[in-house]
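K.L.:
predicted model follows, preceded by the sequence.
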Amino acid sequence: MSVFLLSDFGISDTYVAQMKAVILSLCSEGTAIVDLTHNVKPGSVSEGAFHLSVFHKYVSAGSVVVAVIDPGVGTARRGVICEVTGVFYSGPDNGLFGLLPIGKAWKLPDPQAGFSSTFHGRDVFAPAAARLIIDPGWVDSLEPIEKESLVPSVIEKPIREAGGLKVSVAHVDKFGNIVLWLPVSSAYHPALLQLPGGEVEIVTEVKTYGDNPGVLFIQGSQDLMEIAVSGGSASDLLGLRTGDRILLINKERNKGL
């Protein structure tokens, strides 16, 4: 059995190691702990939700995911367990799980007296994950909650405008590739993109990064469209960051420009 961890803790402190130590102290030696990422922008629930949404299809049933992006730690926000195709997710109910196809959900018990009010990742969510690895049936003792009552993730969906499609940047990866909230199934084929400041760039639709020059429009590996620059950073070149909105201008409008 495996436990997967996602957080905004980084690796300069021992916070991640403390969660791992708690899990290992409660589970058998055969339990594997895998880091998804701990480099989510501090407090960015939407970025954490993005990572979970593109990861969930690759994790096998029986695993547990601990996700801790928790700016509301210690407040009235709920701790929850969510089930997605046989995988349990442990974390705060703040929109972090809002992009997942959740089947069932349960409320975690309130933290015990003496637990930290600022580190539920270690004191609540990690122990819950360990308990689920040991005994998946433990959820039957928890309070069930309607999945519709979970806090939704807030993302800006593509919007059709005259001659184009306005889309949001979902994520900028390590290479500077700009992942868009635009499914590859959209079959949209732009010729230009307009940046938030009004500048317009030519884009070329390609199948691979390769040696193609200029700004590229490409089907990414996460089933979302991307803006990229072969051998360079599209984010640095265009000045785009997560959450920015751009206008993809279609070929028909381009003929009139």
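P.N.:
It's in. Residues are numbered from 1 along each chain as shown.
K.L.:
check contacts around Leu193.
P.N.:
200-201, 203, 215, 217, 227, 246-249 (CB atoms under 8 Å, 6 or more residues apart in numbering). Quick note: C-beta positions are derived from backbone N, CA and C, even for glycine.
K.L.:
shouldn't it be within a strand?
P.N.:
Yes. Per DSSP: H, G, I helix; E, B strand; the rest coil, Leu193 lies within a strand segment.
K.L.:
partners of it in the sheet?
P.N.:
Counting by DSSP bridges, Leu193 is bridged to Glu201, Leu248.
K.L.:
Leu247 versus that one, what's the distance?
P.N.:
Distance of Leu193 to Leu247, given as CB to CB, to the nearest Å: 7 Å.
K.L.:
can you give me the pLDDT of Val3?
P.N.:
pLDDT recorded at Val3 is 97.
K.L.:
before we move on, the earlier item: who wins for neighbours among the contacts of Leu193?
P.N.:
In terms of neighbours by other CB atoms under 10 Å, the contacts of Leu193 top out with Ile227 at 29 neighbours.
K.L.:
wait, that one sits on Phe175?
P.N.:
No. Using CB atoms under 8 Å, Ile227 is not in contact with Phe175, being 11.7 Å away.
K.L.:
what touches both of those two?
P.N.:
Common neighbours of Ile227 and Phe175, counting by CB under 8 Å, 6+ apart, are absent.
K.L.:
quick one: buried residues of the longest strand anywhere in the chain?
P.N.:
Identified as the longest strand of the chain according to DSSP state E is strand 164-172. Residues of strand 164-172 classed as buried by neighbour count (16 or more other CB atoms under 10 Å): 164-165, 167-172.
K.L.:
same thing with stretch 56-73?
P.N.:
Buried residues in stretch 56-73 (16+ other CB under 10 Å): 56, 59, 63-70, 72-73.
K.L.:
distance from the chain centre to that stretch, please.
P.N.:
Centroid separation for stretch 56-73 versus its chain: 10 Å, with CA atoms, centre = their mean, to the nearest Å.
K.L.:
next, the distance between the ends of it.
P.N.:
Using CA to CA, to the nearest Å, one end of stretch 56-73 lies 24 Å from the other.
K.L.:
next one: stretch 206-213
P.N.:
Stretch 206-213 has an end-to-end distance of 10 Å (CA to CA).
K.L.:
next SSE after the longest strand of the chain?
P.N.:
Per DSSP states H and E, the first helix or strand lying C-terminal to strand 164-172 is strand 178-183.
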